[in-house]
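Student: Sequence first, then the predicted structure, then my questions.
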Amino acid sequence: MTESDASGLGMTTHRIENLADGIFSIAMTLLVLSLALPEARTDLTLTVELQDLLFGQTHKFFNYALSFILLAIFWIIQHDQFHFIKRTDRIHLWLNKFIGRSYTIYIYNKKWWG
């Protein structure tokens, strides 16, 4: 059975929704991988020194949280769109693939922000 219905109005959106969910899940996972442990000495004995090292990473945690929230907003917007879009065609498929590519490029560019 094909994805197009009997009237020939186009394909269903299930596969493109699944692809978008996969892209978002990978992008959000890559955000976590961008966090790195601070360089610490092996003779760290005071918890104050450890707290200072983690406090020095605050801007990275802030960037992570902000980027995660932004990707979540993009995912929610796309999820809401598919409540109205019931059928799709090849042009819409390609447009969504290029939009998904922009999410992954966003993660790549995050490395430059810190």
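Tutor: Nice, I can see it. Residues are numbered from 1 along each chain as shown.
Student: excluding its backbone neighbours, what's nearest Leu54?
Tutor: Pro38 (6.9 Å; Cβ to Cβ, 6 or more residues apart in numbering). For glycine as for every other residue, the C-beta is placed from the backbone atoms N, C-alpha and C.
Student: check which helix or strand covers the closest residue to Glu17 other than its chain neighbours.
Tutor: Counting by Cβ to Cβ, 6+ apart, Glu17 lies nearest to Phe82, which is 5.5 Å off, once chain neighbours are set aside. Assigned by DSSP states H and E, Phe82 belongs to helix 58-84.
Student: For the protein, which helix or strand comes out least confident on mean pLDDT?
Tutor: helix 47-55 (a mean of 73; mean pLDDT, DSSP states H and E).
Student: export that one as PDB, just CAs?
Tutor: C-alpha atoms of helix 47-55 as PDB (Å, rounded to 0.1, in the frame of the first residue of the first chain):
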ATOM      1  CA  THR A  47      35.200  21.700  47.500                       C
ATOM      2  CA  VAL A  48      35.600  25.500  47.100                       C
ATOM      3  CA  GLU A  49      38.100  24.900  44.200                       C
ATOM      4  CA  LEU A  50      35.700  22.500  42.600                       C
ATOM      5  CA  GLN A  51      32.900  25.000  42.900                       C
ATOM      6  CA  ASP A  52      35.000  27.700  41.400                       C
ATOM      7  CA  LEU A  53      35.800  25.500  38.400                       C
ATOM      8  CA  LEU A  54      32.100  24.800  37.900                       C
ATOM      9  CA  PHE A  55      31.200  28.400  38.400                       C
END
